[in-house]
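*Asks:* fold the following, please.
(2 chains)
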Amino acid sequence: MTALLDIKDLVVEFPVGGRIVQAVTRVSLAVQRGETLGLVGESGCGKSTLGRAVLQLYQPKSGQVVFDGQDLTTLSPPLMRKMRQRLQMIFQDPIASLNPRRRVGDIVAEPLIIAGVTDADERLRRVRAVLTEVGLDPDITMARLPHEFSGGQCQRISIARALILEPELIVCDEPVSALDVSIRAQIVNLLEDMKDRYGLTLLFIAHDLAVVKAVSDRVAVMYLGRICEIAPTEALFRTPAHPYTRLLLDAIPMPDPDIRPVEGVAVGEPPSPIAPPSGCRFRTRCPRAADRCAAEMPELMALPGGQMVACHFPLI
Amino acid sequence: MSLLEVENIVVDLPTPRGMLRAVDGVNLTLDAGRTLGVVGESGSGKTMLSRAILQLLPRRAKLSGAIRFDGQDMTRIAPETLRKLRAKSVAVVFQDPMTSLNPVLTIGSQLTETMREHLGVPQSEAILRGVALLAEVGIPSPEQRMGNYPHQLSGGMRQRVAIAIALSCAPKLLIADEPTTALDVTVQAQILDLLAREQRSRHMAMMLITHDLGVVAGRTDEVAVMYAGRVVERAPTRELFHHMRMPYTAALMAALPKLDAPPHTRLPAIGGRPPDPINPPPGCSFAPRCFYADAACDKAKPPLSAPDRMAHQFACIRPLPVKVAA
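*Replies:* Numbering: from 1, shown residues only, chains lettered A, B, ... in the order given. This next block holds a predicted model:
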């Protein structure tokens, strides 16, 4: 099976105050067609940067982003623009990602215009159909402005806009983080339905492990620009191999009064990406760290059960 | 007499569309040394309730009802007395520490200012106490940090500083309003640990306001669930989680993705949205989204009452049945 998306040795850097920050350091990830790959990590770990670099919204320093056999980093701007019809993105802040001065009908139709659909009747038909798909009434929504809608409804509009060109891959960057619990479940279900309906492949970026577990077939864990662990979802949650994955799982507050929170599971905060620790980047917070961890950066390696871990002393 | 007694609080906010009822008749009590979790989604009124208790409502807001702290009605005392009470007896930690920290003053001057002002402690002693407090809340090399500005610290460290300032005058009540919502999960765990430790060792009362049922489950004595400006269920924490009676509480719990469920398990979402707070329905606010509602639910707002067990109150005329222990 060939992957729909194959990220190879990707490096993304930004200049910050005269210095170079490496937000993504030699990341390799493959997403199979029809799969949802969850990407989790804390703020500043590079997960959003990685998602945007897939769509070439950031120019990678080196490495490849191979989509359906074509390396997107080598495409000319006109060819990339054409390719974007097959790759879409949904952002965290549903209200900020919609143009406040444009009517919902025009916002959702815009990708069609860019894609060269010149027939206005055809555009109208497709906008109405996709709005209905995402659970909005086109007669009520099309003529309104984004501020007339709640956060959950704006996220439905964003999803409609991402779906209208029937893309193959959608990068979802924290799509439900800004929503209340009762609305979050509606949008998670909608994304799952749309994935089936349109045969989508999803790169689902989030910091909430429970949400990631609910939607992902496999999960990748990122820390300070590097992938720590990639595993099938159930395996990752049942037997985390990387000490950082373990820490993330232990830190989740459980909605169960019989589970007493264990005090002291977490120590310290992620170091600055401007000066990451030598060797393993997690070693400054890791209970298992030894001399080797400071000297040698661990590479991702396969464990017998199918998990991949970048750790000199994995938990399994 | 409880440390805090909130009696029939109503908060109205004028908006261009009309009067918005942010808090609609809330009653609460909190004893010294106890922890109350207040859970609600956006617009449930949980933050306005805490602002009312702190007397920090927007100027145009209309407040009615009584808020008694240590027997004194905070809505009726002179501004100067209120200022002293607020500084020494009731402290608050907000979601974003940058809203309470002054960006142009050092950590040290902000920490010592409150102690000098309200406790009359001389500067040299305030500095010693400040350094000790920073160490207590887990800030490494506290002497050095006293000279730092807020922007030189991470979000988690800033929240620790905000907690140190809140604790500096030894309050009897700490109101923590979404104290960890802006933080990463590993930092959140540390800050919740810190708050729990300080609450226990100082025998403070704490009101922990959050949207996250997981945050209150392991760390509170009692939980009050708010919806559309009202407390709709209130019980000791274990009792609440084990025997949810109000359909909203149960629906909120069910809508959470579960770590023990396999991937692609469909979430039982709550349909619809909360009601418009400017034109609330006459009956139960949750009825339009409630699976169990019938015509009677649309007639009047059910009062918060405890028909079966004294300590377990809920505002529902079609409550979920009491689970019988097998």
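*Asks:* so which residue is smack in the middle of chain A?
*Replies:* residue A:205 (2.4 Å; Cα atoms, centre = their mean).
*Asks:* need the contact list for that one.
*Replies:* A:38-40, A:47-48, A:50-51, A:171-174 (Cβ atoms under 8 Å, 6 or more residues apart in numbering or on different chains). Yep, even glycine has a C-beta here, placed from its N, CA and C like the rest.
*Asks:* count the residues that sit near residue 195.
*Replies:* No chain in the question, so chain A it is. 19 (other Cβ atoms under 10 Å in any protein chain shown).
*Asks:* hmm, no, I was thinking of chain B.
*Replies:* Residue B:195: 25 neighbours (other Cβ under 10 Å).
*Asks:* helix, strand or coil for it?
*Replies:* When classified by DSSP: H, G, I helix; E, B strand; the rest coil, residue B:195 comes out as helix.
*Asks:* okay, it: pLDDT?
*Replies:* pLDDT, residue B:195: 96.
*Asks:* residue A:185 reaches residue B:268, doesn't it?
*Replies:* Yes - in this structure, residue A:185 is within contact of residue B:268 by Cβ atoms under 8 Å, at 7.1 Å.
*Asks:* for residue 108, what is the enclosing helix or strand?
*Replies:* By default, I'm working from chain A. Using DSSP states H and E, residue A:108 sits within helix A:104-114.
*Asks:* right idea, wrong chain: chain B
*Replies:* Assessed by DSSP H and E, residue B:108 sits inside helix B:107-119.
*Asks:* where does the chain dip in pLDDT?
*Replies:* Because you didn't say which chain, this covers chain A. Scanning chain A for pLDDT under 70 picks out the ranges A:1.
*Asks:* actually chain B
*Replies:* Chain B contains residues with pLDDT under 70 at B:324-326.
*Asks:* the helices in the stretch 201-326 of chain B, which residues?
*Replies:* Applying DSSP state H, counting those that start in this stretch to the stretch 201-326 of chain B gives helices spanning B:213-217, B:237-242, B:247-255.
*Asks:* relative to residue A:60, which of those helices is closest?
*Replies:* The closest of the helices of the stretch 201-326 of chain B to residue A:60 is helix B:213-217. By Cβ to Cβ, the value is 36.8 Å.
*Asks:* how far is the closest one from where the chain is centred?
*Replies:* Counting by Cα atoms, centre = their mean, to the nearest Å, helix B:213-217 is centred 12 Å from the centre of its parent chain.
*Asks:* is it in proximity to chain A?
*Replies:* Yes - Helix B:213-217 reaches chain A (Cβ under 8 Å from any Cβ of the partner chain) through B:213-215, B:217.
*Asks:* show me which of the residues you listed is closest to residue B:152.
*Replies:* Residue B:152 lies nearest to residue B:215 out of the residues of helix B:213-217 next to chain A, by Cβ to Cβ, at 28.1 Å.
*Asks:* so what's the closest one closest to, chain neighbours aside?
*Replies:* Closest residue to residue B:215 apart from its sequence neighbours, by Cβ to Cβ, 6 or more residues apart in numbering or on different chains: residue A:253 at 4.9 Å.
*Asks:* the one you found contacts residue B:218, correct?
*Replies:* Yes - with contact defined as Cβ under 8 Å, residue A:253 reaches residue B:218; the gap is 6.9 Å.
*Asks:* give me the common contacts of the two.
*Replies:* Taking Cβ under 8 Å, 6+ apart as the contact criterion, the residues that touch both residue A:253 and residue B:218 are residue A:261.
*Asks:* the residue in the stretch 201-316 of chain A that chain B sits nearest to in helix, strand or coil?
*Replies:* The nearest approach of the stretch 201-316 of chain A to chain B comes at residue A:253, 3.5 Å away (Cβ to the nearest Cβ). The three-state assignment at residue A:253 reads coil, by three-state DSSP.
*Asks:* what's the answer for residue A:280, then?
*Replies:* Criterion first, three-state DSSP; result for residue A:280: coil.
*Asks:* now do the contacts for it.
*Replies:* Taking Cβ under 8 Å, 6+ apart, we find residue A:280 in contact with A:286, A:289, A:293-294, A:296-298, A:310-312.
*Asks:* which SS state does the closest residue to residue A:7 other than its chain neighbours fall under?
*Replies:* Among residues not flanking residue A:7 along the chain, residue A:29 sits closest, at 4.5 Å (Cβ to Cβ, 6+ apart). Put simply, residue A:29 is strand when judged by three-state DSSP.
*Asks:* these two touch, right, residue A:29 and residue A:218?
*Replies:* No - using Cβ under 8 Å, residue A:29 is not in contact with residue A:218; the gap is 9.5 Å.
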